[in-house]
Structures are given as structure tokens and as C-alpha cells.
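> please work out how this folds:
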Amino acid sequence: MDVPVNRFDRFFSLKRFDRFWKTFGKTGLADRDNSKAYFGKRLKRLDDGPIPKDPSELRLFMVVRNGALRLPYLLEYYRRRGVHRFFVIDNGSTDDTVAVLRNMANTHIFETSDSYQESECGVLWVEYLMDIHCRDQWSVIVDCDELLVYPGWENISLNTLVAFLDSQGATALHSLLLDMYSDLPLKDTLYTAGQDFIEACPYFEVGHRWLRDDGNWEGGVRNRVFRAKNILSKHNLVKHVPGSTIGGGTHMIYGAQFADMSGVTLHFKYFHDFAESVRVEVERGVHWNNAWQYQQYDRKTQEVSDLSLHCDESIRFQGSLQLIDLGLMKTMPAFDDFCTRRR
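Numbers count the residues shown, from 1 in each chain. Take a look at the predicted model:
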């Protein structure tokens with residue numbers, strides 16, 4: 001089940017995005033730029049740390065709400081992979097998210113109470129900040145429950161990866177979103193802040209997914225258990241260059257160039273706080289289609305109090321070579337040679 005990386009140039013052109021935007025009654029990309037400026041200028045910065053103009057820095061951008069539990073490990077993970085600086089947009093957290101972020105080095109905090117839905121799932125906020133702080137630079141764009149892995153990630157930094165992508169003329173890396181879970185009921189999948197995500201949820205599955213006509217994967221454990229359709233394509237590693245824009249969170253990207261390799265975005269939604277968090281999101285109703293997917297989650301967790309996602313097809317995570325062997329991730333001989341020369 002190889003990820004068809006090269007199909008994405010055909011599907012995700014900037015002209016196609018312009019047509020997509022117009023289907024929502026807008027005037028095209030120019031109108032979107034006006035919306036980006038409107039939402040971006042309403043961001044309030046909470047820190048006063050210096051932000052140097054340094055094109056060599058790899059920078060991470062994230063929108064978060066109530067992420068205090070996951071943020072300590074998430075930022076540590078990406079710092080170890082080579083991220084230099086973090087830009088975090090808090091969208092109405094009611095937990096200690098902001099307090100946690102204030103204690104993190106090279107972390108810049110912004111807040112807004114504007115609509116997550118109207119800001120294109122936070123994309124307009126993120127691209128506004130990228131226009132200012134990351135033009136013509138590589139960036140990582142993730143949610144607080146996402147770990148990007150790639151061929152050789154155990155020993156190869158993101159800096160080496162983007163240097164290779166530059167050598168190939170690529171401006172984005174396509175990844176497959178892979179839900180991770182434990183072998184315990186969700187309510188018993190206890191997670192402590194700072195703990196390795198994979199240690200708490202080390203299982204995934206390969207089946208229950210299919211390729212859509214637009215080149216995206218769909219399905220996975222969420223379809224098997226919750227009957228919830230979701231796009232499994234992600235673009236968490238992006239070079240912010242003219243003529244390229246992200247959409248649908250980071251599920252889509254338009255006007256980008258890809259190398260013939262791919263990564264995997266490990267997704268850690270299913271800790272002990274899952275049922276409570278989805279109930280909150282159902283009440284807020286800010287996600288796609290009035291939070292329909294969250295309604296599916298909520299219905300199932302209320303029906304089955306000891307719900308577990310583990311099944312006979314579940315596989316324990318081992319590393320990048322395993323994902324390549326399973327066809328979930330793709331490498332290139334040129335990448336392997338590139339990494340060898342840089343050691």
C-alpha cells in the first residue's frame with residue numbers, strides 16, 4: 001500500500017485551490033489574503049522574547065487549545081529533532097497551556113478568541129505568522145498530538161531532511177496520518193505530562209483505509225471503530241514560499257513540489273482524556289461540519305464505557321524501517337546516500 005507521493009502535484013495546484021476557495025462564495029486567493037490579514041492582526045502576543053531574522057532556523061507553528069498535558073513532550077521531541085523556535089497560537093485554553101508555554105525556551109505565544117472554524121482551522125493565523133517570521137524558510141506545522149516521523153528519524157535530524165529536500169527542489173513532505181493507541185480501554189490509557197507518547201500508545205493498524213479520487217487516504221481506526229470519515233494525508237513539513245498555501249488544517253497543500261519520499265504523522269488523540277475532550281468539542285461545534293466527527297466519537301464512548309481500540313490487527317510500533325516495510329512510509333536511495341555523506 002505505497003503512498004502515491006507523485007500524484008499530489010497533479011491534484012493540488014494553486015489554480016485548484018483558487019477554485020476551491022471560490023466555491024465558498026469568495027473572490028479567490030486575493031480575498032483569502034484579506035481574511036488572513038484580518039484574523040492575523042487580531043492575534044495578541046503574550047511574550048516579549050526576541051525573534052531574530054535567521055533563515056537557518058527551523059521553526060514550528062501550532063494552534064492549540066487545552067494542550068497542557070501534551071505540550072511538554074511535544075516540544076521536547078521537536079527540539080531534539082532540530083527545531084530552533086516555536087510559535088504557538090492559543091485559542092481559548094481553560095487549562096495551564098499558556099503557563100506551560102511561558103516556561104519553554106525560544107517559544108513565542110499568541111492568543112486569540114476568534115473562531116477556529118472561520119480561520120480555516122487555524123490556517124489563516126499560522127500563515128499570517130509565517131509570512132512575517134518564516135518566509136522562504138522550512139517550518140513544521142503540527143497539532144499538539146502529532147509527531148512527524150520520516151525515514152531514519154531515529155538518527156537523522158529534520159535539518160538534514162530539509163537540506164535533502166532543498167537539493168531535490170521540493171517544498172513539502174507528504175505524510176500519512178497514523179492513529180496510535182494502547183491495548184487498554186481509553187479511560188485506562190493513563191498519560192503523564194512529559195511522558196513519551198509512543199510509550200503510552202504504541203499500537204497502530206495498517207488496514208481499513210482507501211485512496212480517494214483526490215489522492216488522499218481516508219479511513220483507518222476512526223472509521224473501523226467510530227464510523228468517522230477523515231482524511232489521512234498531512235503536510236507537516238513545509239517551505240513557506242510564494243505560490244504555495246496550506247488548506248484544511250495541514251491535510252492539503254497547494255502549489256507545492258514533492259520529492260519521491262514520504263513520512264508518517266503519528267497521531268496521539270487516544271489518551272485517558274479522550275472522552276472528556278470530545279464532549280467539549282461537540283459542545284463548541286467549531287470543527288468541520290458542526291463537529292460531526294466528534295459527535296461520532298462522543299456517541300461511541302458513551303455507548304461503550306470501557307471502549308478499547310486494540311484489535312487482532314493491531315501492530316506494535318518499532319520504528320522507521322518497520323513503516324517502510326509496511327508501505328506506510330517511503331524513502332529514496334538518494335536520501336540514504338545524502339545522509340551517509342553528511343555523517
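
> how close does the residue nearest to residue 86 when sequence neighbours are not counted sit to residue 157?
In space, and not counting its chain neighbours, residue 86 is closest to residue 107: 4.4 Å by C-beta to C-beta, 6 or more residues apart in numbering. To be clear about C-beta, it is placed using only N, CA and C from the backbone, and glycine gets the same treatment. To residue 157, residue 107 is 19 Å away according to C-beta to C-beta, to the nearest Å.

> try residue 90
Taken as C-beta to C-beta, the span from residue 90 to residue 157 is 28 Å.

> list the contacts of the helix or strand encompassing residue 132.
Assigned by DSSP states H and E, residue 132 belongs to helix 123-133. For helix 123-133, contacts defined as C-beta atoms under 8 Å, 6 or more residues apart in numbering pick out 32, 35-37, 39-41, 43, 51, 59, 61-63, 87, 89, 110, 112, 119, 139, 141, 240, 245-250.

> buried among these? Need that as a selection in PyMOL.
Of those, the buried ones go into a single PyMOL selection, burial set by 16 or more other C-beta atoms under 10 Å:
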select buried, resi 32+35+36+39+40+43+59+61+62+63+87+89+110+112+119+139+141+240+245+246+247+248+249+250
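
> so which of the contacts of helix 123-133 sit within strands?
Residues of the contacts of helix 123-133 located in strands (DSSP state E): 59, 61-63, 87, 89, 110, 139, 141, 245-247.

> report the lowest-confidence entry in the residues you listed.
Lowest model confidence among these falls on residue 247, which carries 81.

> show the contacting residues for residue 68.
93, 95-97, 99-100, 193.

> do residue 231 as well
So residue 231 contacts 177, 212, 216-218, 248, 251-252 (C-beta under 8 Å, 6+ apart).

> can we see that at 10 Å?
Residues in contact with residue 231 (C-beta atoms under 10 Å, 6 or more residues apart in numbering) are 177, 212, 214, 216-219, 248-249, 251-252, 288.

> how near is the residue nearest to residue 86 to residue 60?
9 Å.

> what residues are shared contacts of these two?
What both residue 107 and residue 60 touch, as defined by C-beta under 10 Å, 6+ apart, is the set 75, 79, 85-88.

> in JSON lines, list those along with distance to residue 261.
What follows is these, written out as JSON lines (distance: C-beta to C-beta, whole Å):
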{"residue": "75", "distance to residue 261": "26"}
{"residue": "79", "distance to residue 261": "24"}
{"residue": "85", "distance to residue 261": "26"}
{"residue": "86", "distance to residue 261": "26"}
{"residue": "87", "distance to residue 261": "26"}
{"residue": "88", "distance to residue 261": "28"}
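
> on that earlier part again, residue 107 and residue 60: who's more crowded?
residue 60 (24 against 19; other C-beta atoms under 10 Å).

> specify the beta-bridge partners of the more buried one.
Beta bridges link residue 60 to residue 86, residue 140, judged by DSSP bridges.

> tell me how far residue 262 lies from residue 182.
Residue 262 is 26 Å from residue 182, by C-beta to C-beta.

> which of the two has more residues huddled nearby?
For the pair residue 262 and residue 182, the greater number of neighbours falls to residue 262 (25 against 22), based on other C-beta under 10 Å.

> pretty sure that one is touching residue 177, no?
No. Using C-beta atoms under 10 Å, residue 262 is not in contact with residue 177; the gap is 11.6 Å.

> OK, contacts around residue 198?
Taking C-beta under 10 Å, 6+ apart, we find residue 198 in contact with 73, 77, 147, 149, 180, 266, 268, 316-317, 319.

> that's a helix at it, yeah?
Yes. The assignment for residue 198 by DSSP: H, G, I helix; E, B strand; the rest coil puts it in a helix.

> confidence score at it?
The model's pLDDT for residue 198 equals 98.

> look up how far residue 215 lies from it.
28 Å.

> got it, and residue 92?
34 Å.

> higher neighbour count, these two?
Neighbour comparison, residue 92 and residue 215: the larger count goes to residue 215, with 19 against 14 (by other C-beta under 10 Å).

> touching, that one and residue 253? I think so.
No. With contact defined as C-beta under 10 Å, residue 215 does not count as touching residue 253 (11.4 Å).

> could you look up the SS state of residue 100?
From three-state DSSP, the assignment for residue 100 is helix.

> doesn't residue 76 make contact with it?
No. In this structure, residue 100 is not within contact of residue 76 by C-beta under 10 Å, at 11.8 Å.
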